[in-house]
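>>> No letters, just coordinates:
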C-alpha cells in the first residue's frame, strides 16, 4: 500500500516502517510498503489478519506525523516523474529502476492458494491465467495517474512491465523448471522472482519446490470483505478444477496454446481498459462475453461448492461488486459529475479508514491490542 498525507500526497516512508515494525517488506521505491498475511484455512481469521497490520501501521504513521494509507494502485495525484529508492545499495533495485522506472511503483494484492501437487498446480495456473482478466475486472482501482484520468480502469496493469515478454502455458512441472532455468541463463529473468505475469507458481525454492498458486493481476482492493470475496471466487474455481480434471485449457479449448496466450493477453488489455464492462473472448470457444456476465456465470457455477466448503458467505459480496462496480468505476462516477481527482482520492482515503474502523469494531476488536 502507499503511505502519505490525508490530502493524497504519496510520501516515501518504507525505510522507517521496515526498520521499526516487524512484518513489513520494502519495495524498490520507498513510497509503498508490503505486508504478508500468514496462510489460513479460515476466512474469519484472514479478515482480521488483513486488518491488523493496517491498524498497526496506521498507529505508527501517526507517530511519524499526520500520515495515512492511500488507496489506489498508481501514483494517482503525481510523482511518476522520478524514483525514490528505498535501498540505494541494492543491485537488484538498481536494475529495476534502470529498466522499468516508475512503471513498477504500484500497489496491488497478490492472492496465494496452497496446492501441494505440482502437476495440479500447473493445471490450475493454466486455467487461472485464462481467467485472470476477470479478477482484474473485479479489483480495478487505478483510473488516475499524475492527477488525470487515464482512460483505463487499471492503469497499473496497462503500464506494468510483464516480464519476460513471452511466457508459455506450462504443460508440466518439468516444463516450468526447464523454462525458468533457460530464462535465468539467458538473463531475461534476473532471479526466480523476476517472473511478472498475471499468475505464477510459487514456493519455497522456485522452480523446484512449489506449494501455491500466486495470482498477481489484481489491483489493490482496500475493502477486506471485497478482497475475501475475490479470493473465495479464486479458491472455488480451483476446487472446481480439482473435482473436474478435464477443466484444462490445453484439452478443453478450440485454440492452440499460442492462440490462448494471445487471447488472454488481449483480454487483459480489455479488462485493464473497461474492467467489468470489458468485452472478452472466452478461452473455450472464442465467444464474446462481458467480464461482468462471465463472472456472474462462474459465481452460479461455484456457489454450491463454496457453500459446501464453508465459505459461501464470503463469496456472496461478489454480487455487490458486480452490482455497484469496483473501486475504479466508483471513482470515475464521482469524477464524471465534477469531483476532481484529488477530492476523489481524499474521499477514498476517508472511506478506507472508516471501513477499517467499522470492521475492527464489528469483527476484530477482541483480537487487536
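Structure received. Note that the structure is predicted; figures quoted are calculated from it, not measured.

>>> Helices along the stretch 201-350 of the chain, start to end?
Secondary structure of the stretch 201-350 of the chain (DSSP state H, counting those that start in this stretch): helices at 224-243, 249-252, 257-274, 291-308, 312-315, 318-324, 327-336, 341-359.

>>> closest to residue 190 out of these?
helix 257-274 (22.5 Å; CB to CB). For glycine as for every other residue, the C-beta is placed from the backbone atoms N, C-alpha and C.

>>> Quick check: buried residues in the closest one?
260-261, 263-264, 267-274 (16 or more other CB atoms under 10 Å).

>>> Ok, stretch 295-314 next?
Buried residues in stretch 295-314, counted by 16+ other CB under 10 Å: 295-296, 298-299, 302, 305-306, 311-312, 314.

>>> next one: stretch 71-88
Result for stretch 71-88 [16+ other CB under 10 Å]: buried residues 71-80, 83-87.

>>> what ranges do the strands span in this structure?
2-4, 24-26, 33-35, 68-70, 111-114, 144-145, 148-149, 199-202, 212-215, 279-281, 288-290 (DSSP state E).

>>> can I get the ones you listed in CSV with distance to residue 184, mean pLDDT and mean neighbour count?
Formatted as CSV, these follow (distance: least, CB to CB, whole Å; pLDDT from 0 to 100; neighbours: other CB atoms under 10 Å):
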stretch, distance to residue 184, mean pLDDT, mean neighbour count
strand 2-4, 32, 96, 25
strand 24-26, 23, 91, 16
strand 33-35, 24, 94, 20
strand 68-70, 36, 97, 23
strand 111-114, 23, 98, 18
strand 144-145, 33, 98, 25
strand 148-149, 39, 98, 16
strand 199-202, 15, 97, 24
strand 212-215, 19, 98, 22
strand 279-281, 33, 98, 19
strand 288-290, 38, 98, 13
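
>>> Need these in JSON lines (columns: distance to residue 363).
Below are the strands of the chain laid out as JSON lines (distance: least, CB to CB, whole Å):
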{"stretch": "strand 2-4", "distance to residue 363": "25"}
{"stretch": "strand 24-26", "distance to residue 363": "23"}
{"stretch": "strand 33-35", "distance to residue 363": "19"}
{"stretch": "strand 68-70", "distance to residue 363": "19"}
{"stretch": "strand 111-114", "distance to residue 363": "20"}
{"stretch": "strand 144-145", "distance to residue 363": "31"}
{"stretch": "strand 148-149", "distance to residue 363": "35"}
{"stretch": "strand 199-202", "distance to residue 363": "29"}
{"stretch": "strand 212-215", "distance to residue 363": "24"}
{"stretch": "strand 279-281", "distance to residue 363": "35"}
{"stretch": "strand 288-290", "distance to residue 363": "33"}
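
>>> who wins for proximity to residue 45 among these?
Closest approach to residue 45 among the strands of the chain (CB to CB): strand 111-114, 14.6 Å.

>>> Now do that closest one: everything it contacts.
39, 124, 135, 202, 211-215, 218, 230-231, 234-235, 238 (CB atoms under 8 Å, 6 or more residues apart in numbering).

>>> mind redoing it with 6 Å?
Strand 111-114 is contacted by residues 212-215, 231, 234-235, 238 when judged by CB atoms under 6 Å, 6 or more residues apart in numbering.

>>> just the residues you listed now: which is nearest residue 347?
Nearest member of these to residue 347, counting by CB to CB, is residue 231, at 26.1 Å.

>>> Against residue 306, how distant is that closest one?
11 Å (CB to CB, to the nearest Å).

>>> One more: residue 335?
Taking CB to CB, one finds residue 335 at 34 Å from residue 306.

>>> do the same with residue 77
38 Å.

>>> Could you do residue 315 as well?
For residue 315, the distance to residue 306 - CB to CB - is 4 Å.

>>> for residue 175, same thing?
Counting by CB to CB, the gap from residue 175 to residue 306 is 31 Å.

>>> Over to residue 94?
To residue 306, residue 94 is 45 Å away according to CB to CB.

>>> cool, and residue 193?
31 Å.

>>> Next: residue 317.
Counting by CB to CB, the gap from residue 317 to residue 306 is 12 Å.

>>> what residue lies at the spatial centre of this protein?
residue 218 (2.5 Å; CA atoms, centre = their mean).

>>> what comes up buried for the worst-scoring helix or strand of the chain on mean pLDDT?
None of the helices or strands of the chain scores lower by mean pLDDT, DSSP states H and E than helix 91-100, at a mean of 89. By neighbour count on 16+ other CB under 10 Å, the buried set for helix 91-100 is 93, 96-97, 100.

>>> got it, and stretch 163-173?
163-164, 167, 169-170, 173.

>>> quick one: which of those sit in helices?
Within these, residues falling in helices by DSSP state H are residue 173.

>>> ok, the buried residues of stretch 163-173 vs residue 252, which is closest?
Lowest distance from residue 252 to the buried residues of stretch 163-173 (CB to CB) belongs to residue 169, with 12.7 Å.
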